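A.B. asks: Sequence first, predicted model second:
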Amino acid sequence: MGLQDETRKLKKQAVVRSLEGNLLSLKQAFLLCDVAPSTGFRWLQEDPHFKQACAKAKATVNNKLIISGLEKGLKKGEGWAVTFAARGRMPDEWGEKQTVEHEPIKIEITSAPCVTAKDVGVDLDAD
């Protein structure tokens, strides 16, 4: 393994650790670890293990945040605030889901016979 590969590996590990210990976005974690965001996002696309490690780290922090916030919020009678924050931070897990079902729209077009002025007794040539 070359020096560049070793450096990349260490930076990826640093990104994952920064996500585990902080409430950071991916971009913030990349910048904190001296990784250009474009490079970090490319790594996520190219390296499924790195992508999975980042997702797991973010989920762990989110879960700790939610549990801690719920405990504090419920003691204060403010569980709604934590739920609101959770919906904003993790909409897939906590957001309200709405399913909209619809029938295909059926449009019927009927054609009417063309009526001319002559048919209704109007003479357009009259002075």
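C.D. replies: It's in. Computed from a prediction, not measured in an experiment: that's the story for all the values here. Residues are numbered from 1 along each chain as shown.

A.B. asks: Mind pulling up the pLDDT for residue 77?
C.D. replies: Listed pLDDT for residue 77 reads 71.

A.B. asks: Next, the contact list for it, please.
C.D. replies: Taking Cβ atoms under 8 Å, 6 or more residues apart in numbering, we find residue 77 in contact with no residue. For every residue, glycine as well, the C-beta is placed using N, CA and C.

A.B. asks: i'd like the first residue to be 24 from this point on
C.D. replies: With 24 as the first residue, the last one maps to residue 100.

A.B. asks: got any ranges where this protein has weak pLDDT?
C.D. replies: Along the chain, the model assigns pLDDT under 70 to residues 24, 93-94, 96-97, 101-105, 108-109, 112-113, 116-125, 128-147, 149-150.

A.B. asks: all helices for it, in order.
C.D. replies: Using DSSP state H, the helices assigned to the chain run over residues 26-44, 49-55, 60-69, 71-99, 102-112, 114-117.

A.B. asks: Would you mind pulling up the elements that the first one packs against?
C.D. replies: Under the contact criterion of 3 or more Cβ pairs under 8 Å, 6 or more residues apart in numbering; DSSP states H and E, helix 26-44 touches helix 49-55, helix 60-69, helix 71-99.

A.B. asks: 6 Å instead?
C.D. replies: helix 49-55, helix 71-99 (3 or more Cβ pairs under 6 Å, 6 or more residues apart in numbering; DSSP states H and E).

A.B. asks: which residues touch that helix?
C.D. replies: If you take Cβ atoms under 6 Å, 6 or more residues apart in numbering as the criterion, helix 26-44 is touched by 52, 55-56, 58, 73, 76-77, 80-81.

A.B. asks: still on that earlier bit, can you say which of the helices of the chain is nearest to residue 126?
C.D. replies: helix 114-117 (28.0 Å; Cβ to Cβ).

A.B. asks: coming back round to it: could you dump the helices of the chain to TSV with mean neighbour count and distance to residue 127?
C.D. replies: TSV is the format used below for these (neighbours: other Cβ atoms under 10 Å; distance: least, Cβ to Cβ, whole Å):
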stretch	mean neighbour count	distance to residue 127
helix 26-44	15	45
helix 49-55	17	40
helix 60-69	13	37
helix 71-99	14	38
helix 102-112	15	32
helix 114-117	11	29
